[in-house]
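got a structure for you, letters missing:
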């Protein structure tokens, strides 16, 4: 991997508080009123901004932890890949909406 001078310069001028705030934001994300896809994208963007690289199991656990409990409860038992997990959670949300 080649060294990118812009990343180095940006790090020089960004305070530690800035990155700490990004990490805290990432840790506190949850689905809230967002769709599953919106929530997933928010996690991806926050990870890029905070320069977080983690294995897929950690990312799936992060996503699962912030999903609505009724969706997470079903999805938790069946997921293998992140893409499938997001798809199943979206499907569950639609089914739960129909019941209301």
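Arrived safely. Note that the structure is a prediction, hence the values are computed from the model and not measured.

quick check: residue 56 touching residue 82?
Yes: assessed by C-beta atoms under 8 Å, residue 56 is found in contact with residue 82 at 5.7 Å. From N, CA and C alone the C-beta is placed, and that goes for glycine too.

those two: which has the busier surroundings?
More crowded of residue 56 and residue 82, by other C-beta atoms under 10 Å: residue 82, with 17 against 12.

pretty sure the more buried one is touching residue 58, no?
No: Residue 82 is beyond contact range of residue 58, at 10.4 Å (criterion: C-beta under 8 Å).

okay, which residue is most central for the chain?
Among the residues of the chain, the one closest to the centroid is residue 43, at 2.6 Å (C-alpha atoms, centre = their mean).

list the residues that contact that residue.
Counting by C-beta atoms under 8 Å, 6 or more residues apart in numbering, residue 43 makes contact with 26, 29, 59, 62, 63, 66.

state the number of residues packed around residue 95.
Around residue 95 there are 11 residues (other C-beta under 10 Å).

nope, residue 31 is what I meant
Using other C-beta under 10 Å: residue 31 sits among 21 other residues.

tell me how far it lies from residue 53.
Distance, residue 31 to residue 53, using C-beta to C-beta, to the nearest Å: 23 Å.

tell me the contacts of the nearest residue to residue 53 once chain neighbours are set aside?
Sequence neighbours aside, residue 47 is the residue nearest to residue 53 in space, at 7.8 Å (criterion: C-beta to C-beta, 6 or more residues apart in numbering). Going by C-beta under 8 Å, 6+ apart, residue 47 touches 26, 53, 54, 59.

now, which of the residues you listed lie within helices?
26, 59 (DSSP state H).
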